[in-house]
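Colleague: Just the structure for this:
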Amino acid sequence: MNEPTAFARFAETCRALESTTKRTEKVSYLIKFLTGLNKNEVGPAVCFLTGRPFPESDSRVLDVGGQTLWKIDRQSGQSTLVSKPVTILEVYDTFDKIATASGTGSRQRKENLIDVLLSRVPEQDAQYLMRIVFGEMRIGAVDGVVLDAIAGATSAKPEIVRRAHMLLGDLSKVAELALTEGSEGLKRVGVQLFVPIKPMLAEMAQDPQEVLKEHGGVTAFEFKYDGARVQIHRFNKEVKIFSRRLTDVSDSLPDIVDLAKNRVRSSQFLIEGEVVAIGKNEKPLPFQDLMRRFRRVHDIGAMAKEIPLKLFLFDVIFLDGILLIDAPYKERWSTLERLTDKELLATRIVTGDLLEAKKLMDASIEAGHEGLMAKDLKSTYTPGVRGKKWFKIKLAEQLDLVIIAADWGSGRRHGWLSNYHLAVRDEETGEYLDVGKTFKGLTDEEFTQTTKQLLELKTAENDYTVYVKPSIVVEVAFNEIQRSPRYKSKFALRFARITKFREDKGPQEADTLGRLQRLYENQFRYKAPADF
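Modeller: Residues are numbered from 1 along each chain as shown. I've put the predicted structure just below:
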């Protein structure tokens, strides 16, 4: 083993990545960096490159809010000549100590650990430490670039690296495996029960007609439920349920665990579905009520009675030792039908008739749901990938955006952070680019709670605006997308209003600049473009 790699080497690589917009150069810098690491440094280093203190599937969190960091009297660059350079593994170990600090005085211990670490890091490198803590690197080390670098560093074929990432859902684990075991190790990767995989994603479509054209005239339409997506793993008597964000929510959903044990005819599976909170009239409850179930850790039985849930299954990914992601969707659905009863399956039709599709759309909306999903009968399952194999169709156009700052309110909203700066994610750089502001759509209670959350995420402020770590995702409805030089995205949303908080989504799952561009261009199917 070589000498431990200094964090300064990591920071040097970050500066190199920031210095270029060329993908090939970024990949080249990353290959050089990765091949110079010791094997036990690869995982932590890749986590850091993507703005994470720990692997994606790791349950540890730093739990250090912006206000805590704000209070730290940073004396960056105060490291002395006798101080040994901080290594990548020392940073990782410090993060672990911060994450595991608990009990009386834990907040102060966390502050002290960060303060000591920052005092040992030169000023030009300290910014990258803070970016990791805030989860926003902004160096262009997006997943695709890192995957290409892993392939280049190991001579593994890019498609093998990407498939391993689809199944593991964790860049750091892929990098560790590739640099220790090479292509053969990556080829052995399969689904591991109780290790969640990233869900397959869908593109947005304007209407059923667009989907039928894309899917060759016939497709499967199913309700797009107003609920929360889950994946359910079972091996023998053990069942675990994971949220869309890959968090284990089994303890909060004992009723869904029971359904998986008693209503699915297998003892070894990974299946996907949607959980919906149901009110007295059998209509879905608001999304925020559903999230109360997902967050509940005490008195779960009482909460289960207060907010009953229904499960609607729509896919099977692994069954009795066999991985099914390469099987066509038509076959996977047939398998799912044999596994369980009809009332646990998503409402669905297969048709090429536009009128039938529209009737199902109406039925979904009338039942209190969001619209339709449309799935190509030939489509394979691609974890973590968005494409035209699946579409979602909603009545109103919406975007999932990240709050990156907020202005203090005035008048009735005085004392609240209540004008939210909204941003899309640039898929090429990982940066969050603003698309406008809104204060519409929230209740007084939500303004109060959101103000508290945002202050914990604070990274900077002036007299009027608080800038925050990109963390909170909101669903935003709007009337139109316009060109705008005022915002970094170069677009603005007209009459934007928040429709719900997407607690089931992380900032990396926010809508992208590319999707915003496509939505803007789609508007001109029905209207003339501006003449500029």
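Colleague: so how far is the first residue of stretch 29-43 from its last?
Modeller: With C-alpha to C-alpha, to the nearest Å as the measure, stretch 29-43 spans 17 Å from end to end.
Colleague: Okay, buried residues for that stretch please.
Modeller: Neighbour-count burial for stretch 29-43, counted by 16 or more other C-beta atoms under 10 Å, picks out 29-31, 33-34, 37-38, 41-43. Where C-beta positions appear, they are placed from N, C-alpha and C, glycine not excepted.
Colleague: could you give the mean pLDDT of it?
Modeller: Average pLDDT, stretch 29-43: 97.
Colleague: what's residue 198 sitting at in phi/psi?
Modeller: Main-chain torsions, residue 198, degrees, to the nearest 10: phi -70, psi 140.
Colleague: Checking the nearest residue in space to residue 198 that is not next to it in sequence next. Helix, strand or coil?
Modeller: Counting by C-beta to C-beta, 6 or more residues apart in numbering, residue 198 lies nearest to residue 384, which is 3.3 Å off, once chain neighbours are set aside. State at residue 384, reduced to three classes by DSSP: H, G, I helix; E, B strand; the rest coil: coil.
Colleague: quick one: pLDDT of residue 384?
Modeller: Residue 384 is given a pLDDT of 88.
Colleague: SS state for residue 220?
Modeller: The three-state assignment at residue 220 reads strand, by three-state DSSP.
Colleague: surely it meets residue 346?
Modeller: No. Between residue 220 and residue 346 there is no contact under C-beta atoms under 8 Å: 9.7 Å.
Colleague: more neighbours, those two?
Modeller: Higher neighbour count among residue 220 and residue 346: residue 220, with 22 against 19, using other C-beta atoms under 10 Å.
Colleague: So what pairs up with the more buried one in the strands?
Modeller: residue 350, residue 375 (DSSP bridges).
Colleague: residues contacting it?
Modeller: Residues in contact with residue 220 (C-beta atoms under 8 Å, 6 or more residues apart in numbering) are 329-330, 333, 348-350, 374-377.
Colleague: contact partners of stretch 168-185?
Modeller: Counting contacts by C-beta under 8 Å, 6+ apart, the residues touching stretch 168-185 from outside are 34-35, 37, 39, 42-44, 46-47, 50, 52, 55-57, 143, 146-147, 150-151, 153-157, 160-161, 164-165, 186, 189, 195-198, 246, 383-384.
Colleague: now that stretch, how far from the chain's geometric center?
Modeller: 21 Å (C-alpha atoms, centre = their mean, to the nearest Å).
Colleague: Stretch 53-66 now?
Modeller: Centre-to-centre, stretch 53-66 and its host chain are 14 Å apart (C-alpha atoms, centre = their mean).
Colleague: With stretch 418-436 instead?
Modeller: What separates the centre of stretch 418-436 from the centre of its chain is 15 Å, taken as C-alpha atoms, centre = their mean.
Colleague: Tell me the one of the contacts of residue 220 nearest residue 443?
Modeller: Residue 443 lies nearest to residue 374 out of the contacts of residue 220, by C-beta to C-beta, at 33.6 Å.
Colleague: Restricting to C-alpha, output the helix ranked longest in the chain in CSV.
Modeller: The residue-count maximum for a helix in the chain (DSSP state H) belongs to helix 171-187. Extracted in CSV, the C-alpha atoms of helix 171-187 (Å, rounded to 0.1, in the frame of the first residue of the first chain):
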residue,chain,number,x,y,z
LEU,A,171,-21.1,5.0,-7.6
SER,A,172,-18.7,4.4,-4.7
LYS,A,173,-19.4,0.7,-4.6
VAL,A,174,-19.1,0.4,-8.4
ALA,A,175,-15.7,2.2,-8.2
GLU,A,176,-14.5,0.0,-5.3
LEU,A,177,-15.5,-3.2,-7.1
ALA,A,178,-14.0,-2.1,-10.5
LEU,A,179,-10.6,-1.0,-9.1
THR,A,180,-10.2,-4.1,-6.9
GLU,A,181,-11.7,-6.9,-9.0
GLY,A,182,-11.9,-5.3,-12.5
SER,A,183,-14.4,-6.4,-15.2
GLU,A,184,-15.0,-9.9,-13.7
GLY,A,185,-16.1,-8.4,-10.4
LEU,A,186,-18.5,-6.0,-12.2
LYS,A,187,-20.0,-8.8,-14.3
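Colleague: C-terminal to that helix, what's the next element?
Modeller: Using DSSP states H and E, the helix or strand that follows helix 171-187 towards the C-terminus is strand 201-205.
Colleague: State the mean pLDDT of that following strand.
Modeller: pLDDT averaged over strand 201-205 gives 91.
Colleague: List the buried residues in it.
Modeller: Within strand 201-205, the residues scored as buried using 16+ other C-beta under 10 Å are 202-205.
Colleague: Now do stretch 368-386: distance to the chain's middle.
Modeller: For stretch 368-386, the distance to the chain centre is 17 Å (C-alpha atoms, centre = their mean).
Colleague: Tabulate the CA atom coordinates of it in CSV.
Modeller: The C-alpha trace of stretch 368-386 is given here as CSV (Å, rounded to 0.1, in the frame of the first residue of the first chain):
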residue,chain,number,x,y,z
GLY,A,368,-58.3,11.4,-7.1
HIS,A,369,-55.1,10.4,-8.8
GLU,A,370,-52.7,12.3,-11.1
GLY,A,371,-53.2,10.8,-14.6
LEU,A,372,-51.7,7.9,-16.4
MET,A,373,-48.4,5.9,-16.8
ALA,A,374,-47.8,4.4,-20.2
LYS,A,375,-45.4,1.5,-20.6
ASP,A,376,-44.0,0.0,-23.7
LEU,A,377,-44.9,-3.7,-23.7
LYS,A,378,-41.4,-4.6,-25.1
SER,A,379,-39.5,-2.5,-22.6
THR,A,380,-36.8,-3.9,-20.3
TYR,A,381,-36.4,-2.5,-16.8
THR,A,382,-33.5,0.0,-16.5
PRO,A,383,-32.8,1.1,-12.9
GLY,A,384,-32.2,4.8,-12.4
VAL,A,385,-32.6,5.6,-16.1
ARG,A,386,-35.2,7.9,-17.6
